[in-house]
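>>> When you get a sec, could you give me coordinates for this:
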Amino acid sequence: MNETKNNMHNSNETKTNMRSSNETLPNTRYSSDTLPNERSMNTHTSPFNTGDIVFGKYRVLSLINEGGESYIYKAEYNKQYYVLKCYKYNKIFDIDVYDLLKTKTDKHYNLIKLYEYGYHNNVAVEVLEYMNGDSLEDMDKDPMEDPEYKLCRIRRFVELIISGLQTLHKAGIYYNDLKPSNILYDKGNRRIALCDYSLCCVCDAGSTLIQHADRGKLTPGFSSPEFNIGISSAAGDMFSVGVLIYTLFYNRPPFLNFDLEDWELSLFRQDQFLPVDAPSELYIVNDLVRYNAEERASLKEVKKWCSGEYVSTSTLKNKKGTFSYRLNGIDCYDRKSLRSALALNWEEGLRRTITTKELFESFINNEQDIASMAKIASSESEAFSPDVAFMRFLYNLFPEDKRFVWKGKIYNDTQTLSEQMLSRLRSNDEAFVEELLRNNVLSIYFGCIGLTDQAQSLYAIELAYDKSLKGKIGMPVTPLSLAFALAFLLNTDKKVMANGTLYSESSLRDNLGMLSKYLFDVNGYPAAEFCGYLISTDRQKI
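Numbers count the residues shown, from 1 in each chain. Below you'll find the model as predicted:
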């Protein structure tokens, strides 16, 4: 890595904005070994002054920051800048870890490079790459930032962070202390990098017992439950990734003000820490922040999340043997509740079904017919509009529910729908009815619920509407007239006079096909007289 191009400002010891949840605290459960030569230092006095030479070559330029466990200095050697991290406590350097950091991870763009380590005047010192930037903890936070944009930004950050974690894991190292203050961000160079290796340990057959005193620390809320009892693992780093995602989105950690006992109990019960209105993209947090390490999402799955392909494990089968699915805070345990949740959360449901194909991936292993219907809907969106394809999917998902659904609204019957259409038309709001006519929504709806005769009649009206818009109908029938006629025909409680006969049937199934024939003359054009009659009759009642 070019050290002159990618400078570093190591601010992992910067001020704490997250109260105790972001402070590294001693853990008395770990053993403490006697240090070589009983090395110690004064924790209240800066060990170096400007101009001091460390390790015979690094000239101290300034004190950058003082944190809870170390002093951070900016130094210079051979016209390049470096960071000196000087520990306040008796630190044992794990030769295996630090040698791996120097030889296996030194060229990764998302990891701060370690040059040297050792003791100077009985002070434990690390020489690190200098990067000009702030930690993620110190970045400016905009409370009004658009959530979708914020999620995109967080996904990009996490993608770079786990790239660094993956390199550490492949090198045989567990990181153990992932949190915003340990992640540097250089906005100018668009660089994210992990910067603190004080709690790293070497992998040992998938898990490691942490024994050294300087590793007997945890970061409340960010460290995994097993780290609290001295176990380090790749899954432990994934736990911290979940907490990090939550913290970056909500600008605070999920376990704020939890004491250790309540925190562990809450994890053990597998409480849901996301707010009920949390975006579905954040569901991965629940899959990462799990008490059982074996149940956590893996690094590979986090990479899928970063690319928008991850599907939450909330779709796994529940104890009753039926699927479960969570949508915008709504738990669905059968097709009926899933259909209602999708219909009421139209935009999100459409996105998961048509755009991202999440529903297909969610049910491909346990409810393959649902996955198949979702796949068909995604294909149909090219022939129909995406909204119509999604509507068809809803009726295929649960055919027993014949209520009309459209863009987040559920109408119990066509009478209710008709009243809504007429109300809008009377107030000169034609957009709603026009949208239904343009997209053949009603004829498709009646076809979905099995009323094919009515579907054909409504399609004739929709076709006439399309022709009238294009000026292909010579008779004095306007698109507005057809919109009124359609709304009136759906209103099953109205009496209609046509050709001297008074029709008062209350069932749409009985009268729609019969009445709609009066809308067209022998040439197949809308009958202007009949349309006009319907509208004038309606006007008289206003």
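>>> Residue 405: what secondary structure?
strand (DSSP: H, G, I helix; E, B strand; the rest coil).
>>> check which helix or strand covers the residue nearest to it when sequence neighbours are not counted.
Spatially, and ignoring its direct neighbours in sequence, residue 405 is nearest to residue 343 (4.3 Å; Cβ to Cβ, 6 or more residues apart in numbering). For every residue, glycine as well, the C-beta is placed using N, CA and C. Using DSSP states H and E, residue 343 maps to helix 335-344.
>>> same deal with residue 463?
Counting by DSSP H and E, residue 463 is part of helix 452-469.
>>> Quick one: list the elements packing against that helix.
Under the contact criterion of 3 or more Cβ pairs under 8 Å, 6 or more residues apart in numbering; DSSP states H and E, helix 452-469 touches helix 431-438, helix 441-448, helix 479-490, helix 508-516.
>>> export it as PDB, just CAs?
Only the C-alpha atoms of helix 452-469 are listed here, as PDB (Å, rounded to 0.1, in the frame of the first residue of the first chain):
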ATOM      1  CA  THR A 452     -65.400 -14.600 -16.400                       C
ATOM      2  CA  ASP A 453     -68.600 -13.200 -17.900                       C
ATOM      3  CA  GLN A 454     -68.300 -10.100 -15.800                       C
ATOM      4  CA  ALA A 455     -64.700  -9.900 -16.700                       C
ATOM      5  CA  GLN A 456     -65.500  -9.900 -20.400                       C
ATOM      6  CA  SER A 457     -68.100  -7.200 -20.000                       C
ATOM      7  CA  LEU A 458     -65.700  -5.000 -18.000                       C
ATOM      8  CA  TYR A 459     -63.000  -5.500 -20.500                       C
ATOM      9  CA  ALA A 460     -65.300  -4.200 -23.200                       C
ATOM     10  CA  ILE A 461     -65.700  -1.000 -21.300                       C
ATOM     11  CA  GLU A 462     -62.000  -0.700 -20.700                       C
ATOM     12  CA  LEU A 463     -61.300  -1.300 -24.400                       C
ATOM     13  CA  ALA A 464     -63.900   1.400 -25.300                       C
ATOM     14  CA  TYR A 465     -62.200   3.700 -22.800                       C
ATOM     15  CA  ASP A 466     -58.900   3.100 -24.500                       C
ATOM     16  CA  LYS A 467     -60.400   3.800 -27.900                       C
ATOM     17  CA  SER A 468     -62.100   7.000 -26.700                       C
ATOM     18  CA  LEU A 469     -58.800   8.300 -25.400                       C
END
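>>> Could I get the average pLDDT for it?
Helix 452-469 carries an average pLDDT of 74.
>>> same check, this time on stretch 309-321
53.
>>> ok, now stretch 148-163?
Regarding stretch 148-163, the rounded mean pLDDT is 92.
>>> Alpha carbons only: can I get it in CSV?
Provided in CSV are the C-alpha atoms of stretch 148-163 (Å, rounded to 0.1, in the frame of the first residue of the first chain):
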residue,chain,number,x,y,z
GLU,A,148,-33.2,4.6,1.7
TYR,A,149,-30.1,6.6,1.0
LYS,A,150,-28.8,5.9,4.5
LEU,A,151,-29.2,2.2,4.0
CYS,A,152,-27.4,2.3,0.7
ARG,A,153,-24.5,4.2,2.4
ILE,A,154,-24.4,1.7,5.3
ARG,A,155,-24.4,-1.2,2.9
ARG,A,156,-21.4,0.2,1.2
PHE,A,157,-19.6,0.8,4.5
VAL,A,158,-20.4,-2.7,5.8
GLU,A,159,-19.3,-4.2,2.5
LEU,A,160,-15.8,-2.6,2.9
ILE,A,161,-15.7,-3.5,6.6
ILE,A,162,-16.4,-7.2,6.1
SER,A,163,-13.9,-7.2,3.3
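>>> Residues contacting it, please?
108, 110, 136, 178, 183, 185, 191-192, 194, 241, 244-245, 248-249, 279, 281-282, 299, 302-303, 305-308 (Cβ atoms under 8 Å, 6 or more residues apart in numbering).
>>> Just the ones of the residues you listed in helices?
Of the contacts of stretch 148-163, the ones assigned to helices by DSSP state H are 241, 244-245, 248-249, 299, 302-303, 305-306.
>>> Just flag the most distant two among these.
249 and 299 (19.6 Å; Cβ to Cβ).
>>> ok, those two, which is more surrounded?
residue 249 (20 against 17; other Cβ atoms under 10 Å).
>>> Distance check, the more buried one against residue 312.
The gap separating residue 249 from residue 312 is 15 Å, by Cβ to Cβ, to the nearest Å.
>>> what's the following helix or strand after the helix holding residue 343?
Downstream of helix 335-344 (by DSSP H and E), the next one is helix 346-350.
>>> From the contact counts, what lies against that next one?
So helix 346-350, by 3+ Cβ pairs under 8 Å, 6+ apart, packs with helix 335-344, helix 386-397.
>>> Any idea which of those gets closest to residue 416?
Using Cβ to Cβ, the nearest of the helices and strands packed on helix 346-350 to residue 416 is helix 335-344, at 14.9 Å.
>>> Contacts for that closest one, please.
325, 327-328, 330-332, 349, 353, 370, 390, 394, 397-398, 400-401, 405, 408, 410.
>>> what angle sits between the helix or strand hosting residue 423 and helix 431-438?
Taking DSSP H and E as the definition, residue 423 sits inside helix 414-426. Put simply, helix 414-426 runs at 120 degrees to helix 431-438, going by axes from the mean of the first three to the mean of the last three Cα atoms, to 10 degrees.
>>> can you pull out the helices in the stretch 51-200 of the chain?
95-104, 147-170 (DSSP state H, counting those that start in this stretch).
>>> For the first one, C-alpha coordinates in PDB please.
Listed next in PDB are the C-alpha coordinates belonging to helix 95-104 (Å, rounded to 0.1, in the frame of the first residue of the first chain):
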ATOM      1  CA  ILE A  95       3.800 -12.500  18.500                       C
ATOM      2  CA  ASP A  96       1.600 -14.900  16.400                       C
ATOM      3  CA  VAL A  97      -1.100 -12.200  16.000                       C
ATOM      4  CA  TYR A  98       1.200  -9.400  15.200                       C
ATOM      5  CA  ASP A  99       3.400 -11.300  12.800                       C
ATOM      6  CA  LEU A 100       0.300 -12.400  10.900                       C
ATOM      7  CA  LEU A 101      -0.900  -8.800  10.800                       C
ATOM      8  CA  LYS A 102       2.400  -7.700   9.400                       C
ATOM      9  CA  THR A 103       2.700 -10.500   6.800                       C
ATOM     10  CA  LYS A 104      -0.800 -11.600   5.800                       C
END
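>>> Low-confidence bits of the protein, can you list those?
Applying pLDDT under 70 to the chain picks out residues 1-44, 205-220, 256-273, 276, 313-324, 364-366, 470-482, 484-542.
>>> Would you map out the domains in it?
Per automatic domain parsing, the structural domains of the chain span 19-135, 138-315, 316-396, 413-542.
>>> What are the buried residues along stretch 123-140?
By neighbour count with 16 or more other Cβ atoms under 10 Å, stretch 123-140 contains the buried residues 123-131, 133-139.
>>> show me the contacts for the residue nearest to residue 115 when sequence neighbours are not counted.
The shortest distance from residue 115 to any non-neighbouring residue, by Cβ to Cβ, 6+ apart, is to residue 127 (4.4 Å). Shown in contact with residue 127 (Cβ under 8 Å, 6+ apart): 54-55, 58, 75, 82-84, 114-117.
>>> among these, who's most crowded?
Going by other Cβ under 10 Å, residue 84 tops these with 29 neighbours.
>>> which residues does that one bridge with?
residue 73, residue 127 (DSSP bridges).
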